[in-house]
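K.L.:
pasted the sequence and its predicted model underneath.
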Amino acid sequence: MELKFKGQFNRDIAGQSRALSEEISNAVFNVKKASSPAQIFNFKKLRKYRTHYRIKISDDYRIGVIIKGKTVWFVRFGHRNIFYKKLFP
């Protein structure tokens, strides 16, 4: 799969703790080596959208992705309390 990163995603992950940064990089690596969306760990489609998905990082954080064809766009990253309400509506 081809990976692309939006600027907002890069700004969201800047300044995160070392442990959280490692989990984010593990999630990105898992997406890169997956041949289909079904092979991505902690991956779920969001309601109301056709191409929007989330990847669960630990218990409290989420990565928002958009999949179009073989391209995966990493769009947002945030705490679950605000992820569904504000970051990735």
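P.N.:
Arrived safely, thanks for sending.
K.L.:
quick one: residues contacting residue 84.
P.N.:
residue 62 (Cβ atoms under 8 Å, 6 or more residues apart in numbering). Where C-beta positions appear, they are placed from N, C-alpha and C, glycine not excepted.
K.L.:
for it, grab phi and psi.
P.N.:
Per-residue torsions, residue 84: phi -80, psi -30 (degrees, to the nearest 10).
K.L.:
now it: how far from residue 54?
P.N.:
In this view, residue 84 and residue 54 are 8 Å apart by Cβ to Cβ, to the nearest Å.
K.L.:
can you check residue 15 too?
P.N.:
21 Å.
K.L.:
okay, these two: which has more neighbours?
P.N.:
Between residue 15 and residue 54, counted using other Cβ atoms under 10 Å, the more crowded position is residue 54 (19 against 7).
K.L.:
quick one: low-confidence parts of the chain?
P.N.:
Residue ranges of the chain with pLDDT under 70: 89.
K.L.:
which residue lies nearest the spatial centre of it?
P.N.:
Residue closest to the average C-alpha location in the chain (Cα atoms, centre = their mean): residue 63, at 2.7 Å.
K.L.:
for it, give its distance to residue 49.
P.N.:
15 Å.
K.L.:
repeat that for residue 78.
P.N.:
From residue 78 over to residue 49 (counting by Cβ to Cβ), the distance is 17 Å.
K.L.:
what about the two, which has more around it?
P.N.:
residue 78 (20 against 11).
K.L.:
is it true that that one touches residue 87?
P.N.:
Yes. Residue 78 lies in contact with residue 87 (Cβ atoms under 8 Å); the separation is 4.4 Å.
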